[in-house]
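Trainee: how would this look folded up:
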Amino acid sequence: MEVCVFKRLLFLTNLILFLNLTVFADDLYYVGFLGNSENASTDSLLTGLEVSLNIEDENYVNGRIKPVFFDENSENVISDIKDTQNLLAIIGCFNEKHKKIIEAINDVPLISISKDFIDFNYLNKPNVFRICPSEVQLARDLARFAVAILDKRHYAVVYTDGVTDFLKAAEEFSETVKRNGAKVDYFRSVEPQRKDFTNILLRLRDLKVQAIFFIGTLEQSINFAKQSYEMKTGALFMSTNTIGNRLFIKKLQNEAEKSCYADISPDNLYKLKKFRPFLTEYYKTNKNIDKHLAYLYDAATIVKLCYNKNLKDKDNLLNCFKETSYDGITGQINFNDYGLRETVNSFFYIIVKREILYRKLTDQEYKKFMEAK
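Mentor: Numbers count the residues shown, from 1 in each chain. Prediction:
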């Protein structure tokens, strides 16, 4: 008799547990992260996503949103995404190799935390959002910095042919310079295989340009900057964060002096005061810091904000993203019709004595920078 009662009780307990788990599973929502399982930064960003979703801030969701990983190298990644129920958004460092995935997913917000692949925002899709500056936006801010702060008036703009991001960034830099009353005396592309820039640099020396904006591969950036120094053009070398690494400095040594670039984050994320509670939680499980973390946090926070407004279905969620105005860790976030941020914050770096130094603007410099168009 006691055995029979025990079995009945066990059956009822298991049934209740199953029903509770089923209900709880139905209540769970997910935020995906698209990445490469063999990439070191993926581990950092996955940890960051989990902390972002669980942190007890003003948009706390009490464990109702969970992270889920999508392997960009999997043959089934598109079907894995489409088969995931209650998927609120997918965050990732989207680039050109993700184009098939981007084109296949139409009803889930895709949020890029990378500056790369400007076409991400121009594929005629309403569900794409870039939460960090694009390469083009960085080029624009670097031009404003050069004109308003460094007071350079004559420029050369050179870019590697065949890459849309390089072309668009070069065009934006050039137009921004001219919009702010300075001159672009030289503008051209170079072949991806080209290593000798003597003829170009002879021309730039004759033109007496004060700054050269070069955007291309790291190898070409090294060759161009080195030859510019050796030929005594006297021009400041400017580029993207491609040159913001030790290899550029190692190859050029003193010849890298005063080279400068713009990037998406400060040299130490702890400088973002509102980000410190996140970093405290993050450091408990991971000591490696990826520079995209602050943007990932802001992306996850907007998802939570929309969730807490009960805007979970696909149409309402997309509208929430488009209409949200949010004061995030990385600044004010509003998206335009292309899913680009209306305003972005760029961070400037200068190489001095073989070290990469963050160039913080003074209050007066910041005012001048903001007045630049």
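Trainee: burial measure for the residue nearest to Gly216 when sequence neighbours are not counted, as a count.
Mentor: In this structure, Gly216 finds its nearest non-sequential neighbour in Thr160, 3.2 Å apart by CB to CB, 6 or more residues apart in numbering. In short, each C-beta sits where N, CA and C put it, glycine included. Per other CB atoms under 10 Å, the neighbour tally for Thr160 reads 22.
Trainee: wait, Thr160 touches Glu219, no?
Mentor: No - judged on CB atoms under 8 Å, Thr160 makes no contact with Glu219 at a distance of 10.0 Å.
Trainee: is the residue nearest to Gly216 bridged to anything, and to what?
Mentor: Val190 (DSSP bridges).
Trainee: would you check that Thr324 makes contact with Ile302?
Mentor: Yes - between Thr324 and Ile302 there is a contact at 5.8 Å, judged by CB under 8 Å.
Trainee: please say which of these two ends up with more neighbours.
Mentor: Between Thr324 and Ile302, counted using other CB under 10 Å, the more crowded position is Ile302 (23 against 16).
Trainee: so Pro67: helix, strand or coil?
Mentor: strand (DSSP: H, G, I helix; E, B strand; the rest coil).
Trainee: so how far is Arg205 from it?
Mentor: 54 Å (CB to CB, to the nearest Å).
Trainee: neighbour count for these two, which is higher?
Mentor: The residue with more neighbours, out of Pro67 and Arg205, is Pro67; 20 against 15, by other CB under 10 Å.
Trainee: wait, what's in contact with that one?
Mentor: Tyr30, Val31, Gly32, Phe33, Leu46, Leu49, Glu50, Leu53 (CB atoms under 8 Å, 6 or more residues apart in numbering).
Trainee: okay, now the closest residue to it other than its chain neighbours: neighbour count?
Mentor: Once flanking residues are discounted, Pro67 sits nearest to Leu49: 4.5 Å by CB to CB, 6+ apart. As a burial measure, Leu49 scores 25 neighbours (other CB under 10 Å).
Trainee: what sits in contact with each of Thr324 and Ile302?
Mentor: Here Thr324 and Ile302 have Ile333 as joint contacts, going by CB under 8 Å, 6+ apart.
Trainee: what residues of stretch 192-202 count as buried?
Mentor: Using 16 or more other CB atoms under 10 Å as the test for burial, stretch 192-202 gives Phe197, Ile200, Leu201.
Trainee: in helices only, show me those residues.
Mentor: If you go by DSSP state H, those have Ile200, Leu201 in helices.
Trainee: of the buried residues of stretch 192-202, which is the nearest to Asn241?
Mentor: Nearest to Asn241 out of those is Phe197 (CB to CB; 21.2 Å).
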